[in-house]
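Novice: okay, here's the prediction I keep looking at, along with the sequence it came from:
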Amino acid sequence: RVSGLDALTGLPGETTDGVAIDLLVNTGLQTDIIRSQESGADGVGLFRTEIPFMMLGRFPSEEEQAKIYRSQLEAFHPRPVTMRTLDIGGDKSLDYFPIKEDNPFLGWRGLRVTLDHPEIFIVQVRAMLRASLNLDNLRIMLPMVTSVGEVEESLALIHRAVYELNDEGVHVETPQVGVMIEVPSAVYLVNEFISLVDFLSVGSNDLTQYILAVDRNNPRVAGIYDSMHPAVLKALKIIVAAGNAANMEISVCGELAGDPLGAVALVGLGYRSLSMSSANLLRVKSVLRQIDSGWAESVSNDLLKLDDPKVIRSTLQLALQQTG
Ligand code: PEP
Ligand code: MG
(Lines give C-alpha, C1' and ligand atoms only; values in the text may rest on other atoms or scores of the structure.)
(Ligands and ions follow the chains in the order given, each with its own letter.)
Protein backbone atom coordinates (compact mmCIF):
# COMPACT_ATOMS: atom_id res chain seq x y z
CA ARG A 1 0.00 0.00 0.00
CA VAL A 2 1.23 3.49 -0.82
CA SER A 3 2.28 5.23 2.36
CA GLY A 4 0.38 8.40 3.22
CA LEU A 5 -2.91 6.85 2.23
CA ASP A 6 -3.31 5.19 5.64
CA ALA A 7 -4.24 8.57 7.10
CA LEU A 8 -7.42 8.44 4.99
CA THR A 9 -8.73 5.26 6.61
CA GLY A 10 -11.02 6.97 9.11
CA LEU A 11 -12.07 9.81 6.79
CA PRO A 12 -15.31 9.65 4.81
CA GLY A 13 -15.51 9.10 1.08
CA GLU A 14 -16.69 12.49 -0.14
CA THR A 15 -15.98 15.06 -2.80
CA THR A 16 -14.67 18.54 -2.00
CA ASP A 17 -18.24 19.90 -2.21
CA GLY A 18 -19.38 17.39 0.41
CA VAL A 19 -21.15 14.78 -1.75
CA ALA A 20 -20.89 11.46 0.10
CA ILE A 21 -19.63 8.48 -1.88
CA ASP A 22 -20.00 5.08 -0.21
CA LEU A 23 -16.82 3.09 -0.65
CA LEU A 24 -17.32 -0.61 -0.15
CA VAL A 25 -15.21 -3.70 -0.63
CA ASN A 26 -15.48 -6.84 -2.71
CA THR A 27 -14.66 -9.94 -0.68
CA GLY A 28 -14.44 -13.68 -1.21
CA LEU A 29 -11.65 -15.21 0.82
CA GLN A 30 -11.74 -15.18 4.62
CA THR A 31 -8.43 -13.30 4.51
CA ASP A 32 -10.13 -10.44 2.65
CA ILE A 33 -11.94 -9.54 5.85
CA ILE A 34 -8.92 -8.21 7.69
CA ARG A 35 -7.58 -6.24 4.75
CA SER A 36 -11.04 -4.82 4.13
CA GLN A 37 -11.41 -3.68 7.71
CA GLU A 38 -8.02 -2.00 7.54
CA SER A 39 -9.18 -0.02 4.52
CA GLY A 40 -12.01 1.56 6.52
CA ALA A 41 -14.68 0.37 4.08
CA ASP A 42 -18.33 1.36 4.51
CA GLY A 43 -19.32 -2.29 4.17
CA VAL A 44 -19.19 -5.12 1.65
CA GLY A 45 -20.68 -4.32 -1.75
CA LEU A 46 -20.02 -7.77 -3.17
CA PHE A 47 -19.22 -10.97 -1.34
CA ARG A 48 -18.42 -13.53 -4.06
CA THR A 49 -19.86 -16.61 -2.37
CA GLU A 50 -18.59 -18.92 -5.11
CA ILE A 51 -15.05 -18.47 -3.77
CA PRO A 52 -15.61 -20.53 -0.58
CA PHE A 53 -17.45 -23.07 -2.75
CA MET A 54 -14.34 -23.33 -4.96
CA MET A 55 -11.95 -23.61 -2.02
CA LEU A 56 -13.79 -26.41 -0.27
CA GLY A 57 -13.78 -28.90 -3.14
CA ARG A 58 -17.37 -29.98 -2.53
CA PHE A 59 -20.71 -28.32 -1.87
CA PRO A 60 -20.63 -26.85 1.64
CA SER A 61 -23.52 -27.82 3.89
CA GLU A 62 -26.04 -25.25 5.13
CA GLU A 63 -24.23 -25.33 8.47
CA GLU A 64 -20.81 -24.76 6.90
CA GLN A 65 -22.11 -21.93 4.76
CA ALA A 66 -23.83 -20.26 7.69
CA LYS A 67 -20.53 -20.20 9.57
CA ILE A 68 -18.69 -18.56 6.68
CA TYR A 69 -21.46 -15.99 6.14
CA ARG A 70 -21.70 -15.25 9.85
CA SER A 71 -18.02 -14.32 10.00
CA GLN A 72 -18.49 -11.78 7.17
CA LEU A 73 -21.62 -10.31 8.74
CA GLU A 74 -20.04 -10.05 12.18
CA ALA A 75 -16.79 -8.59 10.91
CA PHE A 76 -18.54 -5.66 9.24
CA HIS A 77 -21.52 -5.22 11.53
CA PRO A 78 -23.36 -2.83 11.63
CA ARG A 79 -22.21 -1.97 8.11
CA PRO A 80 -24.05 -3.77 5.29
CA VAL A 81 -22.76 -6.96 3.72
CA THR A 82 -24.10 -7.71 0.26
CA MET A 83 -23.88 -11.42 -0.47
CA ARG A 84 -24.22 -12.57 -4.03
CA THR A 85 -25.89 -15.92 -4.58
CA LEU A 86 -23.67 -18.53 -6.20
CA ASP A 87 -22.27 -17.24 -9.51
CA ILE A 88 -20.69 -20.25 -11.21
CA GLY A 89 -20.35 -21.08 -14.88
CA GLY A 90 -18.56 -18.87 -17.40
CA ASP A 91 -15.11 -18.19 -15.96
CA LYS A 92 -15.93 -19.54 -12.49
CA SER A 93 -16.12 -23.31 -12.29
CA LEU A 94 -16.39 -25.82 -9.49
CA ASP A 95 -14.20 -28.92 -10.04
CA TYR A 96 -16.90 -31.05 -8.47
CA PHE A 97 -19.70 -29.63 -10.61
CA PRO A 98 -18.25 -29.58 -14.13
CA ILE A 99 -20.10 -27.69 -16.85
CA LYS A 100 -18.92 -28.46 -20.38
CA GLU A 101 -20.18 -26.09 -23.05
CA ASP A 102 -19.01 -24.51 -26.30
CA ASN A 103 -19.96 -21.01 -25.13
CA PRO A 104 -19.72 -20.94 -21.34
CA PHE A 105 -20.19 -17.17 -21.08
CA LEU A 106 -23.46 -17.51 -22.98
CA GLY A 107 -24.42 -20.70 -21.27
CA TRP A 108 -25.40 -22.04 -17.95
CA ARG A 109 -24.09 -19.53 -15.45
CA GLY A 110 -25.06 -17.51 -12.39
CA LEU A 111 -28.73 -17.45 -11.56
CA ARG A 112 -29.51 -19.80 -14.46
CA VAL A 113 -27.74 -22.63 -12.63
CA THR A 114 -29.28 -21.98 -9.23
CA LEU A 115 -32.81 -21.51 -10.56
CA ASP A 116 -32.45 -24.89 -12.28
CA HIS A 117 -31.22 -26.23 -8.92
CA PRO A 118 -33.49 -24.49 -6.41
CA GLU A 119 -32.20 -26.84 -3.70
CA ILE A 120 -28.76 -25.19 -4.02
CA PHE A 121 -30.33 -21.72 -3.97
CA ILE A 122 -32.61 -22.41 -1.01
CA VAL A 123 -29.85 -23.96 1.10
CA GLN A 124 -27.62 -20.98 0.39
CA VAL A 125 -30.30 -18.42 1.22
CA ARG A 126 -31.24 -20.31 4.39
CA ALA A 127 -27.59 -20.29 5.43
CA MET A 128 -27.36 -16.54 4.81
CA LEU A 129 -30.55 -15.87 6.76
CA ARG A 130 -29.49 -18.02 9.70
CA ALA A 131 -26.10 -16.32 9.71
CA SER A 132 -27.78 -12.93 9.91
CA LEU A 133 -29.81 -13.74 13.02
CA ASN A 134 -29.75 -10.70 15.36
CA LEU A 135 -27.37 -8.84 13.05
CA ASP A 136 -29.65 -7.31 10.46
CA ASN A 137 -26.93 -6.28 7.99
CA LEU A 138 -27.42 -8.96 5.32
CA ARG A 139 -28.38 -8.04 1.77
CA ILE A 140 -28.79 -10.61 -0.98
CA MET A 141 -27.77 -9.93 -4.58
CA LEU A 142 -28.67 -11.90 -7.71
CA PRO A 143 -26.02 -12.40 -10.45
CA MET A 144 -26.47 -12.70 -14.24
CA VAL A 145 -30.08 -11.60 -14.25
CA THR A 146 -31.45 -11.33 -17.78
CA SER A 147 -35.22 -11.26 -17.25
CA VAL A 148 -38.00 -10.17 -14.91
CA GLY A 149 -39.13 -13.78 -14.50
CA GLU A 150 -35.78 -14.74 -13.00
CA VAL A 151 -36.12 -12.02 -10.38
CA GLU A 152 -39.66 -13.05 -9.51
CA GLU A 153 -38.64 -16.69 -9.24
CA SER A 154 -35.68 -15.79 -7.02
CA LEU A 155 -37.82 -13.58 -4.77
CA ALA A 156 -40.31 -16.42 -4.39
CA LEU A 157 -37.51 -18.79 -3.34
CA ILE A 158 -36.12 -16.23 -0.88
CA HIS A 159 -39.59 -15.75 0.61
CA ARG A 160 -39.93 -19.52 0.85
CA ALA A 161 -36.63 -19.77 2.75
CA VAL A 162 -37.77 -17.04 5.16
CA TYR A 163 -41.09 -18.84 5.64
CA GLU A 164 -39.42 -22.22 6.22
CA LEU A 165 -37.08 -20.85 8.86
CA ASN A 166 -39.84 -19.03 10.71
CA ASP A 167 -41.85 -22.22 10.61
CA GLU A 168 -38.88 -23.95 12.25
CA GLY A 169 -38.77 -21.30 14.95
CA VAL A 170 -35.84 -19.31 13.53
CA HIS A 171 -37.17 -15.77 13.42
CA VAL A 172 -35.65 -14.11 10.39
CA GLU A 173 -37.00 -11.31 8.23
CA THR A 174 -36.79 -10.89 4.48
CA PRO A 175 -33.53 -9.05 3.78
CA GLN A 176 -33.02 -6.39 1.14
CA VAL A 177 -32.64 -8.02 -2.25
CA GLY A 178 -30.83 -6.53 -5.23
CA VAL A 179 -30.13 -7.31 -8.85
CA MET A 180 -26.82 -7.11 -10.67
CA ILE A 181 -26.94 -5.20 -13.91
CA GLU A 182 -24.31 -6.98 -15.95
CA VAL A 183 -25.86 -8.01 -19.27
CA PRO A 184 -27.37 -5.80 -21.98
CA SER A 185 -30.93 -7.05 -21.44
CA ALA A 186 -30.75 -5.86 -17.83
CA VAL A 187 -29.89 -2.34 -19.00
CA TYR A 188 -33.15 -2.21 -20.95
CA LEU A 189 -35.11 -3.73 -18.06
CA VAL A 190 -33.68 -1.50 -15.36
CA ASN A 191 -37.01 0.17 -14.58
CA GLU A 192 -38.78 -3.17 -14.26
CA PHE A 193 -36.11 -4.34 -11.82
CA ILE A 194 -36.37 -1.11 -9.85
CA SER A 195 -40.02 -1.84 -9.17
CA LEU A 196 -39.18 -5.34 -7.88
CA VAL A 197 -36.07 -5.01 -5.70
CA ASP A 198 -34.35 -2.85 -3.08
CA PHE A 199 -31.07 -2.02 -4.81
CA LEU A 200 -29.08 -2.43 -8.01
CA SER A 201 -25.40 -3.07 -8.51
CA VAL A 202 -23.64 -2.81 -11.85
CA GLY A 203 -21.16 -5.58 -12.66
CA SER A 204 -19.05 -3.56 -15.04
CA ASN A 205 -16.75 -6.53 -15.80
CA ASP A 206 -19.46 -8.65 -17.35
CA LEU A 207 -21.39 -5.66 -18.66
CA THR A 208 -18.31 -4.66 -20.66
CA GLN A 209 -17.82 -8.21 -21.90
CA TYR A 210 -21.41 -8.55 -23.08
CA ILE A 211 -21.92 -5.07 -24.50
CA LEU A 212 -18.71 -5.28 -26.52
CA ALA A 213 -19.04 -9.01 -27.26
CA VAL A 214 -15.47 -9.49 -26.08
CA ASP A 215 -14.36 -12.31 -23.77
CA ARG A 216 -13.13 -10.72 -20.53
CA ASN A 217 -10.32 -13.30 -20.23
CA ASN A 218 -9.08 -13.73 -23.80
CA PRO A 219 -5.66 -12.06 -24.24
CA ARG A 220 -6.12 -11.91 -28.01
CA VAL A 221 -8.97 -9.44 -27.65
CA ALA A 222 -7.84 -7.85 -24.38
CA GLY A 223 -7.01 -4.65 -26.31
CA ILE A 224 -10.64 -4.08 -27.14
CA TYR A 225 -11.98 -5.00 -23.71
CA ASP A 226 -12.37 -1.57 -22.10
CA SER A 227 -14.99 -0.42 -19.62
CA MET A 228 -14.35 3.15 -20.81
CA HIS A 229 -15.68 2.24 -24.25
CA PRO A 230 -18.31 4.87 -25.11
CA ALA A 231 -21.02 2.21 -25.46
CA VAL A 232 -20.32 1.01 -21.92
CA LEU A 233 -20.27 4.56 -20.55
CA LYS A 234 -23.60 5.27 -22.24
CA ALA A 235 -25.08 2.13 -20.68
CA LEU A 236 -23.71 3.16 -17.28
CA LYS A 237 -25.37 6.55 -17.71
CA ILE A 238 -28.74 5.01 -18.62
CA ILE A 239 -28.62 2.75 -15.56
CA VAL A 240 -27.68 5.45 -13.06
CA ALA A 241 -30.15 7.95 -14.50
CA ALA A 242 -32.97 5.43 -14.05
CA GLY A 243 -31.78 4.54 -10.54
CA ASN A 244 -31.40 8.12 -9.37
CA ALA A 245 -34.75 9.16 -10.86
CA ALA A 246 -36.42 6.41 -8.82
CA ASN A 247 -34.37 7.12 -5.70
CA MET A 248 -33.04 3.60 -5.85
CA GLU A 249 -29.71 2.76 -4.31
CA ILE A 250 -27.33 1.88 -7.09
CA SER A 251 -23.67 0.98 -7.02
CA VAL A 252 -20.91 -0.36 -9.25
CA CYS A 253 -18.95 -3.42 -8.13
CA GLY A 254 -16.80 -4.21 -11.20
CA GLU A 255 -13.12 -3.34 -11.63
CA LEU A 256 -13.99 0.07 -13.06
CA ALA A 257 -15.06 1.22 -9.57
CA GLY A 258 -11.60 0.43 -8.17
CA ASP A 259 -9.72 2.26 -10.91
CA PRO A 260 -9.23 5.86 -9.73
CA LEU A 261 -9.98 7.22 -13.22
CA GLY A 262 -13.00 4.95 -13.51
CA ALA A 263 -14.25 6.03 -10.09
CA VAL A 264 -14.07 9.71 -11.10
CA ALA A 265 -15.98 8.96 -14.31
CA LEU A 266 -18.61 7.01 -12.36
CA VAL A 267 -19.12 9.79 -9.80
CA GLY A 268 -19.41 12.20 -12.73
CA LEU A 269 -22.09 9.99 -14.27
CA GLY A 270 -24.04 10.11 -10.99
CA TYR A 271 -22.96 7.02 -9.01
CA ARG A 272 -22.68 7.51 -5.25
CA SER A 273 -21.64 4.00 -4.21
CA LEU A 274 -18.61 2.06 -5.42
CA SER A 275 -17.43 -1.39 -4.41
CA MET A 276 -13.91 -2.58 -5.10
CA SER A 277 -10.98 -4.70 -4.06
CA SER A 278 -9.71 -3.46 -0.67
CA ALA A 279 -6.29 -2.86 -2.25
CA ASN A 280 -7.74 0.01 -4.30
CA LEU A 281 -10.03 1.63 -1.76
CA LEU A 282 -7.77 4.25 -0.21
CA ARG A 283 -6.36 5.29 -3.58
CA VAL A 284 -9.88 5.81 -4.89
CA LYS A 285 -10.87 7.66 -1.72
CA SER A 286 -7.85 9.91 -2.05
CA VAL A 287 -8.76 10.92 -5.62
CA LEU A 288 -12.46 11.43 -4.88
CA ARG A 289 -11.65 13.63 -1.88
CA GLN A 290 -9.81 15.97 -4.27
CA ILE A 291 -12.55 16.49 -6.85
CA ASP A 292 -15.73 18.54 -7.01
CA SER A 293 -18.84 16.58 -8.00
CA GLY A 294 -20.04 19.30 -10.41
CA TRP A 295 -16.66 19.30 -12.09
CA ALA A 296 -16.78 15.49 -12.38
CA GLU A 297 -20.25 15.71 -13.90
CA SER A 298 -19.17 18.14 -16.57
CA VAL A 299 -16.08 16.05 -17.36
CA SER A 300 -18.20 12.88 -17.67
CA ASN A 301 -20.66 14.68 -19.92
CA ASP A 302 -17.73 15.61 -22.17
CA LEU A 303 -16.45 12.02 -22.12
CA LEU A 304 -19.81 10.79 -23.38
CA LYS A 305 -19.23 12.79 -26.58
CA LEU A 306 -15.94 11.02 -27.40
CA ASP A 307 -15.59 7.92 -29.59
CA ASP A 308 -12.33 6.28 -28.61
CA PRO A 309 -11.76 4.60 -25.22
CA LYS A 310 -8.08 5.60 -25.25
CA VAL A 311 -8.96 9.23 -25.91
CA ILE A 312 -11.58 9.03 -23.17
CA ARG A 313 -8.97 7.82 -20.69
CA SER A 314 -6.37 10.41 -21.67
CA THR A 315 -8.95 13.21 -21.62
CA LEU A 316 -10.01 12.20 -18.12
CA GLN A 317 -6.40 11.88 -16.98
CA LEU A 318 -5.58 15.33 -18.30
CA ALA A 319 -8.66 16.91 -16.74
CA LEU A 320 -7.71 15.35 -13.42
CA GLN A 321 -4.12 16.65 -13.64
CA GLN A 322 -5.34 20.14 -14.49
CA THR A 323 -7.63 20.25 -11.52
CA GLY A 324 -4.61 19.83 -9.28
C1 PEP B 1 -18.77 -8.03 -12.66
O2 PEP B 1 -19.15 -8.80 -13.54
O3 PEP B 1 -18.43 -6.85 -12.87
C4 PEP B 1 -18.70 -8.46 -11.26
C5 PEP B 1 -18.55 -7.60 -10.27
O6 PEP B 1 -18.79 -9.79 -10.99
P7 PEP B 1 -17.66 -10.84 -11.36
O8 PEP B 1 -16.41 -10.09 -11.72
O9 PEP B 1 -17.52 -11.69 -10.15
O10 PEP B 1 -18.27 -11.55 -12.52
MG1 MG C 1 -20.14 -10.67 -13.10
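Specialist: Now that the structure is in, tell me what you want to look at. Residues are numbered from 1 along each chain as shown. Ligands and ions are numbered 1, 2, ... in the order given.

Novice: end-to-end on stretch 4-22?
Specialist: 21 Å (CA to CA, to the nearest Å).

Novice: can you count the residues close to the residue in the stretch 1-150 of the chain that ligand 2 sits nearest to?
Specialist: For the stretch 1-150 of the chain and ligand 2, the shortest gap (CB to the ion) falls at residue 143, measuring 6.0 Å. Yep, even glycine has a C-beta here, placed from its N, CA and C like the rest. Neighbour count for residue 143, taken as other CB atoms under 10 Å: 28.

Novice: now do the same contact list for it.
Specialist: Residue 143 is in contact with 84, 85, 87, 110, 111, 180, 182, 203, counting by CB atoms under 8 Å, 6 or more residues apart in numbering.

Novice: okay, and which of the residues you listed map to strands?
Specialist: 84, 180 (DSSP state E).

Novice: ligand 1: which of the contacts of residue 143 is nearest?
Specialist: residue 203 (2.9 Å; CB to the nearest ligand atom).

Novice: any idea how far residue 221 is from the closest one?
Specialist: 19 Å (CB to CB, to the nearest Å).

Novice: the more surrounded of these two?
Specialist: Higher neighbour count among residue 203 and residue 221: residue 203, with 27 against 14, using other CB under 10 Å.

Novice: so who does that one touch?
Specialist: Residue 203 neighbours (CB under 8 Å, 6+ apart): 143, 180, 181, 182, 253, 254.

Novice: quick one: the fifth one and residue 275 touch, right?
Specialist: In this case it means residue 253. Yes. The pair residue 253 / residue 275 is scored as a contact, 4.0 Å apart, by CB atoms under 8 Å.

Novice: anything in contact with each of these two?
Specialist: Common contacts of residue 253 and residue 275, defined by CB under 8 Å, 6+ apart, comprise 24, 26, 45, 46, 201.

Novice: contact residues of the stretch 101-250 of the chain facing ligand 2?
Specialist: Residues of the stretch 101-250 of the chain found near ligand 2 (CB under 5 Å from the ion) are 182, 203, 206.

Novice: which ones are touching the first one?
Specialist: Taking CB under 8 Å, 6+ apart as the criterion, residue 182 is in contact with 143, 144, 145, 202, 203, 204, 205, 206, 207, 210, 254.

Novice: over to the last one?
Specialist: With CB under 8 Å, 6+ apart as the criterion, the residues that contact residue 206 are 144, 182, 183, 216, 254.

Novice: A helix includes it, no?
Specialist: Yes. With DSSP: H, G, I helix; E, B strand; the rest coil as the criterion, residue 206 is located in a helix.

Novice: what pLDDT does it get?
Specialist: At residue 206, the pLDDT value in this model is 98.

Novice: next one: the first one
Specialist: Residue 182 is assigned a predicted lDDT (pLDDT) of 98.

Novice: not counting its neighbours along the chain, what's nearest it?
Specialist: Excluding the flanking residues, the one nearest residue 182 by CB to CB, 6 or more residues apart in numbering is residue 203, at 3.3 Å.

Novice: return only those of the shared contacts of residue 253 and residue 275 found close to ligand 1.
Specialist: Applying CB under 6 Å from any ligand atom to the shared contacts of residue 253 and residue 275, one finds that residue 46 fall near ligand 1.

Novice: all strands for the stretch 151-300 of the chain, in order.
Specialist: 176-181, 199-202, 249-252, 273-276 (DSSP state E, counting those that start in this stretch).

Novice: excluding its backbone neighbours, what's nearest residue 40?
Specialist: Using CB to CB, 6+ apart, the nearest residue to residue 40 is residue 9, at 3.9 Å.

Novice: count of residues packed around that neighbour?
Specialist: For residue 9, the count of nearby residues is 14 (other CB under 10 Å).

Novice: quick one, what contacts it?
Specialist: 38, 39, 40, 282.

Novice: next, work out how far apart it and residue 23 are.
Specialist: Residue 9 is 11 Å from residue 23, by CB to CB.

Novice: distance from stretch 64-80 to the middle of the chain?
Specialist: Distance, stretch centre to chain centre, for stretch 64-80: 17 Å (CA atoms, centre = their mean, to the nearest Å).

Novice: what's it in contact with?
Specialist: Contacts for stretch 64-80 (CB under 8 Å, 6+ apart): 24, 27, 30, 33, 36-37, 41-44, 47, 49, 52, 56, 60, 81, 83, 123-124, 127-128, 130-132, 135-139.

Novice: quick check: mean pLDDT of it?
Specialist: Per-residue scores along stretch 64-80 average to 97.

Novice: got the buried residues for that stretch?
Specialist: 65, 66, 68, 69, 70, 72, 73, 75, 76, 77, 79, 80 (16 or more other CB atoms under 10 Å).
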